[in-house]
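# A predicted structure for the sequence below; I have some questions about it.
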Amino acid sequence: MSFFVSLIGICAITALLLAAFAPYIRRCAAGGVCTSNARLHGKTVVITGANTGIGKETARDLAQRGARVILACRDLTKAEAAAQDIREDTGNKQVIVRELDLANTRSIYQFAENIVKEEKVLNILINNAGVMMCPFMKTSDGFEMQFGVNHLGHFLLTFLLLDLLKNSSPARIINVSSLAHFLGRINFKDLQSENSYDGGLAYCQSKLANILFTRELAKHLKDTKVTVNSVHPGCVRSELTRHSSCLAVVWKILTFLIKTPKEGAQTSIYCAVTEELDEVSGKHFSDCQPASVAPQGKNDETAKKLWDVSCKLLGIQWD
């Protein structure tokens, strides 16, 4: 009996402590805030997956700064609703929607062709869209969904828009990765997870691929006045957890530790607008400050091999 009394007492004390320190914990969990007042009038931005979550909040902020913001999304109905919300909130009418399905290379080619044809400049590309811990499935081109969308889709999109970015320089590319890259390994013997599939490991592999892509791309962009950096947005309340009921439950239980989409968007915004980053490239950021990268994310040999394999899979030549 005394054991249960003690247990109840411990739980009660823990609850009281959490309640007392909840505001402080919440402020810490919210993370860094972009404090730049930079305006973006005359600038054009493309954000993938901008109809919800941190993509939408990033678009809202950049639209508020005066940019022409293109929401590149698969679901046009949700995207148009998001665009209308942002237009009404910011007063910026230059928030437009274009169809982009990163799980289909034909859609990526069509999107890029239209952007190059319609837009005079492209100053910021934010590769934000992603899928997380989904059941095993393939893209239209036969790639494992997470590797195909999170890495290969953005790899191809960046390749196709790079000339426009260079012609619009100074320009910036931001790749949204994750702290999960620390658990990632690039399995060159089974990149598409056909021999063995684990949704969590496949996600971590794709996020590590984002880090390695950023590292290698920065070398290719040297002296072009186009920079590329990666970001970890933090643990954010978003639709990414829709494929994992267990993770969704954990998110609800620990809700006071989870960032809102607006809080999660801050580092993407920071990397997109902060003046001090004009010449910073190939780095990784979290909470609006430089962040550490896992050892496997610093491996130049792996980065180069992944680059070459990605080009081969996509049938492109990127010098």
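Perfect, I can see it now. This is a predicted model, so every value here is computed, not measured.
# how far is the helix or strand where T214 lies from where the chain is centred?
Taking DSSP states H and E as the definition, one finds T214 inside helix 199-220. Centroid separation for helix 199-220 versus its chain: 11 Å, with Cα atoms, centre = their mean, to the nearest Å.
# which helices and strands does it pack with?
With contacts defined as 3 or more Cβ pairs under 8 Å, 6 or more residues apart in numbering; DSSP states H and E, helix 199-220 has these neighbours: helix 145-146, helix 154-167, strand 171-176, strand 226-232, helix 300-314. The way it works is simple: take the backbone N, C-alpha and C, and place the C-beta from them, glycine included.
# report the angle between that helix and strand 171-176.
Counting by axes from the mean of the first three to the mean of the last three Cα atoms, to 10 degrees, helix 199-220 lies at 160 degrees to strand 171-176.
# now helix 199-220: buried residues?
For helix 199-220, burial by neighbour count (16 or more other Cβ atoms under 10 Å) applies to 199, 201-218.
# run through who's touching stretch 79-95.
With contacts defined as Cβ atoms under 8 Å, 6 or more residues apart in numbering, stretch 79-95 is touched by 50-52, 56, 59-60, 63-64, 66-69, 71, 73, 96-97.
# so among those, where is pLDDT lowest?
Taken together, those show their lowest pLDDT at T52, with 94.
# which residues touch T227?
Contacts of T227 by Cβ under 8 Å, 6+ apart are P170, A171, R172, I173, A218, L221, L277, D278, E279, V280, S281.
# is it true that the first one touches D278?
Yes: counting by Cβ atoms under 8 Å, P170 does reach D278; the two are 6.4 Å apart.
# just the pLDDT for the nearest residue to L314 once chain neighbours are set aside.
Excluding its sequence neighbours, the residue lying closest to L314 (Cβ to Cβ, 6 or more residues apart in numbering) is L156, at 5.2 Å. pLDDT recorded at L156 is 98.
# try I13
What the model reports as pLDDT for I13 is 61.
# swap in K259?
84.
# quick one: distance of the host helix or strand of I86 to the chain centre.
Secondary structure from DSSP H and E places I86 in helix 76-90. Relative to the centre of its chain, helix 76-90 is centred 20 Å away, using Cα atoms, centre = their mean.
# check stretch 216-229 too.
Chain-centre distance of stretch 216-229: 18 Å, with Cα atoms, centre = their mean.
# let me see the ranges of the helices in the stretch 1-150 of the chain.
Under the criterion DSSP state H, counting those that start in this stretch, the stretch 1-150 of the chain contains helices at 2-30, 53-64, 76-90, 105-118, 145-146.
# rank those helices by mean pLDDT and give me the bottom one.
helix 2-30 has the lowest average pLDDT among these, namely a mean of 50.
# neighbours of S281, how many?
21 (other Cβ atoms under 10 Å).
# grab the nearest non-local neighbour of it.
Once flanking residues are discounted, S281 sits nearest to T227: 3.9 Å by Cβ to Cβ, 6+ apart.
# ok, L152 next?
In space, and not counting its chain neighbours, L152 is closest to F143: 5.7 Å by Cβ to Cβ, 6+ apart.
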